[in-house]
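Enquirer: Give me a model of this one.
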Amino acid sequence: MTAPLRLSLDTSALVANWRALDALSGTAACGAAVKADGYGLGARGVFERLAAAGCRDFFVASWGEAAALADLVTDLHVDLSVLHGVRAEDMPAAAQGFARPVLNTLEQIRRWRDAGGGRCDVMVDTGMNRLGVSSEQVADGLLDGLAIDTLMSHLACADEDAAANARQRDRLEHLRGRTSARRLSLANSAGIALGSGYAFDLTRPGLALYGGVPRGELASVVRQVATPQAQILQRRTLTAGESIGYNALYTAQEPIEVAILNIGYADGYWRGFTNSGCARVGAALLPVLGRVSMDLTAIAVDALPSLGEGDWVSLNFALPEAAAVSGMSQYELLTGLGSRFERLWA
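Expert: Below is the predicted model of the structure:
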C-alpha cells in the first residue's frame, strides 16, 4: 500500500557530505554515526550507501540497532561499534562478534573481561561527565590487557567556541600510548570543523552527514539530504473572517485557497511550524496556515490554482532554516521523522 507521506532522500548529497567530512578529517579515518535509525533516514539505506562510498567505521547506540545491521557488517566487511557498551542482557548478542562494545563503566569492563575480553572500544570521560571511565583510571592501568581498537571521548561544546574543547582534546592526547588502543577518537561533526588537532585517528560525524550544520564553517560544505513530502487530502476556500485549525490561530483577511496536507506533529512536522513553516511546489512557496495538528497541516495554495486532492508538495526542511523557524534543534527535526513516511532514495 502506498503511503500518503514520502521522505525524499538524496544519495548524492549523503555521499558528498561524508566525502567532505572525510577530507576535513585529514589523515584520520572518517566514520559514520547511524544510531537512531540513521538519524531518522533509515539506518540500512545510509549504511549501504556510505559503505559503498568507502566508510569503514559505523556507530550505533544499542545492540538492537546493531543486530538489525549485522548482515551488512558481514557482507560489506566494515566495523560496527555499540556506543552504550554491553549490559548483561546484551552479552549473547555481543558474543556473536558482529559489533564491538564501547565499554563505558567499571562494571562493563569487568563483564567484558570475564567473558574473555575480546576486541572492544572504550569511552573515556574527558569532561562531558556523561559516559566513560575517568582519564585517571585509564592512566593508572584500568584497561591493561584489553584488546582495544579505539579509545574515544566525546566533546561537550564542539558547536561553540569554548575553552572546554581544547581541555578535552589535551586530556585525550595525554592518554596516547597509555593503553593498547590502536586509535584515538574525539571529533563529532562539529568537532571536525574545529580543526585537525581534534581529528586524532578517527572522526565520528553524525548530524552533518544528514544535512545538519552544527557550526558555521560547515554551512558551505553540507548539502540537504532529506525532504518530507505530503499528499493533499482536500482543497477548500477560506472566506474573509474565517479561521482554520485548532485555537483559530489563522484568520483570513480575504478569501484564500487552502490545501490540507496529510502530515503533522506525529510525523515529526512539529507544532513549531504553526504559521511559520512553508511548503513548495517548484518555485512556488506555500505558507503554513494556523496550527499544525497531529496528522494534518494547512497551507495556502492561491499561487497554484491547479493543485488539488492527491497532488504532492514538499515541505521546506533545510535543517538550519527549519530549526530557526520551528524552534526545534536540527537533531530533533531529523530523528523525529516518523514511521509513516515511505523512505525513497534517489
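Enquirer: Please report the distance of residue 34 from residue 164.
Expert: Between residue 34 and residue 164 the distance is 27 Å, computed by C-beta to C-beta, to the nearest Å. Using the backbone N, CA and C atoms, a C-beta is placed for each residue, glycine as well.
Enquirer: Which one of these two is surrounded by more residues?
Expert: residue 34 (28 against 15; other C-beta atoms under 10 Å).
Enquirer: In contact with the nearest residue to that one once chain neighbours are set aside: list those residues for me.
Expert: Spatial nearest neighbour of residue 34, chain neighbours left out: residue 43 (4.7 Å); criterion: C-beta to C-beta, 6 or more residues apart in numbering. Residue 43 makes contact with 34-35, 37, 60, 65, 68-69, according to C-beta atoms under 8 Å, 6 or more residues apart in numbering.
Enquirer: Of the residues you listed - the most surrounded one?
Expert: Using other C-beta under 10 Å as the neighbour criterion, residue 34 leads these with 28 neighbours.
Enquirer: ok, back up a step: as TSV, the contacts of residue 43 with secondary structure, pLDDT and distance to residue 131 would be great.
Expert: Output for these, formatted as TSV (DSSP: H, G, I helix; E, B strand; the rest coil; pLDDT from 0 to 100; distance: C-beta to C-beta, whole Å):
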residue	secondary structure	pLDDT	distance to residue 131
34	coil	98	18
35	helix	98	13
37	helix	98	21
60	strand	98	14
65	helix	98	16
68	coil	98	22
69	coil	98	21
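Enquirer: Relative to residue 2, which of the residues you listed is nearest.
Expert: residue 37 (21.2 Å; C-beta to C-beta).
Enquirer: dump the residue contacts of the closest one.
Expert: Each residue near residue 37 by C-beta under 8 Å, 6+ apart is listed here: 43, 65, 335.
Enquirer: Before we move on, what's the pLDDT of the residue nearest to residue 34?
Expert: Here, the pLDDT recorded for residue 43 equals 98.
Enquirer: So residue 150, which state does it fall into?
Expert: strand (DSSP: H, G, I helix; E, B strand; the rest coil).
Enquirer: how about a markdown table for the contacts of residue 43, with distance to residue 198 added?
Expert: As requested, these are exported to a markdown table (distance: C-beta to C-beta, whole Å):
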| residue | distance to residue 198 |
| --- | --- |
| 34 | 21 |
| 35 | 21 |
| 37 | 27 |
| 60 | 23 |
| 65 | 26 |
| 68 | 31 |
| 69 | 27 |
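Enquirer: What are the boundaries of the helices in the stretch 201-346 of the chain?
Expert: 319-326, 330-335 (DSSP state H, counting those that start in this stretch).
Enquirer: Check those helices for me and report the most buried one.
Expert: helix 330-335 (a mean of 21; mean count of other C-beta atoms under 10 Å).
Enquirer: Student question: in this protein, what's the helix or strand with minimum average pLDDT?
Expert: helix 135-139 (a mean of 94; mean pLDDT, DSSP states H and E).
Enquirer: I'd like to know how many residues surround the closest residue to residue 299 other than its chain neighbours.
Expert: Once flanking residues are discounted, residue 299 sits nearest to residue 286: 4.4 Å by C-beta to C-beta, 6+ apart. If you count neighbours by other C-beta under 10 Å, residue 286 ends up with 26.
Enquirer: quick one on the thing from earlier: going by distance to residue 155, which of the contacts of residue 37 wins?
Expert: residue 335 (19.4 Å).
Enquirer: and that closest one, what is it in contact with?
Expert: Each residue near residue 335 by C-beta under 8 Å, 6+ apart is listed here: 36-37, 39-40.
Enquirer: Farthest pair within the residues you listed?
Expert: Every pair of the contacts of residue 335 checked by C-beta to C-beta; the farthest is 37 and 39, at 7.5 Å.
Enquirer: Identify the residues contacting the longest helix seen in the chain?
Expert: Across the chain, the longest stretch assigned as helix under DSSP state H is helix 11-24. For helix 11-24, the surrounding residues in contact (C-beta under 8 Å, 6+ apart) are 30, 32, 41, 46, 49-50, 53-55, 189, 192-193, 203, 205, 208-211, 221-225, 345-346.
Enquirer: Those residues, buried ones only, as a ChimeraX selection?
Expert: Applied in ChimeraX, the following selects the buried portion of the contacts of helix 11-24 according to 16 or more other C-beta atoms under 10 Å:
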select :30,32,41,46,49,50,53,55,189,192,193,203,205,208,209,210,211,221,222,224,225,345
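Enquirer: Tell me how many other residues crowd residue 266.
Expert: Around residue 266 there are 14 residues (other C-beta under 10 Å).
Enquirer: same thing with residue 96?
Expert: 11.
Enquirer: My guess is it contacts residue 70. True?
Expert: Yes. Contact criterion C-beta atoms under 8 Å: residue 96 and residue 70 qualify, at 7.4 Å.
Enquirer: Contacts only, for the closest residue to residue 7 other than its chain neighbours.
Expert: The shortest distance from residue 7 to any non-neighbouring residue, by C-beta to C-beta, 6+ apart, is to residue 341 (4.1 Å). Residue 341 sits next to 3, 5-7, 228, 267 when contact means C-beta under 8 Å, 6+ apart.
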